[in-house]
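# 3D model of this:
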Amino acid sequence: MAPAYKTKIEQRTLAGKTFVLETIEDLDDAIMLLCESLGEHPNPFAEDLCPYYGVLWPSGEGLAQAVAARAQELKGKRIVEVGCGLGFPSLLAQYLGANVLATDFHPDVVNFLARNGRHNSLEVPYKRFNWRDPADAIGQFDIVMGSDVLYEPKHPGDVAAGFQRLLAPGGEVWLADPGRGYLQKFVDEMEKAGFNHSLEPQTVGSVEIYYFRFRKN
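This next block holds a predicted model:
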């Protein structure tokens, strides 16, 4: 069971709606609290338990901006967000009339997403999902989206393969990234699989976010 992290309320206005988002107040304090809760015998997967999901990262905001800019494209579309964390892009897409499934592998995301759904009078279906495992199937979607999911050496290949498994014929992959070192390798993996892409920079505060749309040739 996760420690009782201190939270704060942030607000963001997109697509004519002010979203109320409950986030972790201080990530460093939360990680320290998690370490203390593990005691003398830490979980070997403690890094995977860190509450990074509880922060409104610039890439998540950049993806949400991209979703808002394409509101007319979303109504009725089946969308999955991979590594959703707080789920801001999922909440926004649901508000705009899409049929959204939010997914993440962290065991505590379900509670934070539910809270943020209640804050905004929205209910987004959620499934705990391991996109690295080909046997973990949840169907195919018109749009597969994710933000800041390329932070380990193995991620470019794993994410590219996972996104392709989730994508329905004729669908698109939407990815927002802060320019991590593995971004180009992911782009290369998608190109090798026959996808072309467009790049539209987004700015969140002082952070430049790289927003890609991938579509099969």
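
# which residues touch R78?
Contacts were defined as Cβ atoms under 8 Å, 6 or more residues apart in numbering; by that measure R78 touches 98-99, 101, 139-143, 168. Backbone N, C-alpha and C define where each C-beta goes, glycine included.

# how about the helices of this protein, start to end?
Secondary structure of the chain by DSSP state H: the helices cover 27-38, 46-49, 58-69, 71-74, 88-95, 109-119, 155-166, 183-192.

# follow-up on the earlier one: in terms of model confidence, name the weakest of the contacts of R78.
Of all those, G139 carries the smallest pLDDT score, 92.

# I'd like the distance between that residue and L167.
Computed as Cβ to Cβ, to the nearest Å, the G139 to L167 distance reads 11 Å.

# between the two, who's got more neighbours?
Using other Cβ atoms under 10 Å as the criterion, G139 and L167 rank with L167 on top: 21 against 10.

# number of nearby residues for the nearest residue to the more buried one once chain neighbours are set aside?
The spatially closest residue to L167, leaving aside those adjacent along the chain, is V144, at 5.2 Å (Cβ to Cβ, 6 or more residues apart in numbering). Around V144 there are 25 other residues, counting by other Cβ under 10 Å.

# From A2, how far off is V144?
27 Å.

# between the contacts of R78, which is closest to L122?
A98 (11.5 Å; Cβ to Cβ).

# May I have the phi/psi pair for the residue nearest to the spatial centre of the chain?
Residue closest to the mean C-alpha point of the chain, counted by Cα atoms, centre = their mean, is C84 at 3.2 Å. The phi/psi pair for C84 (degrees, to the nearest 10) reads phi -70, psi -30.
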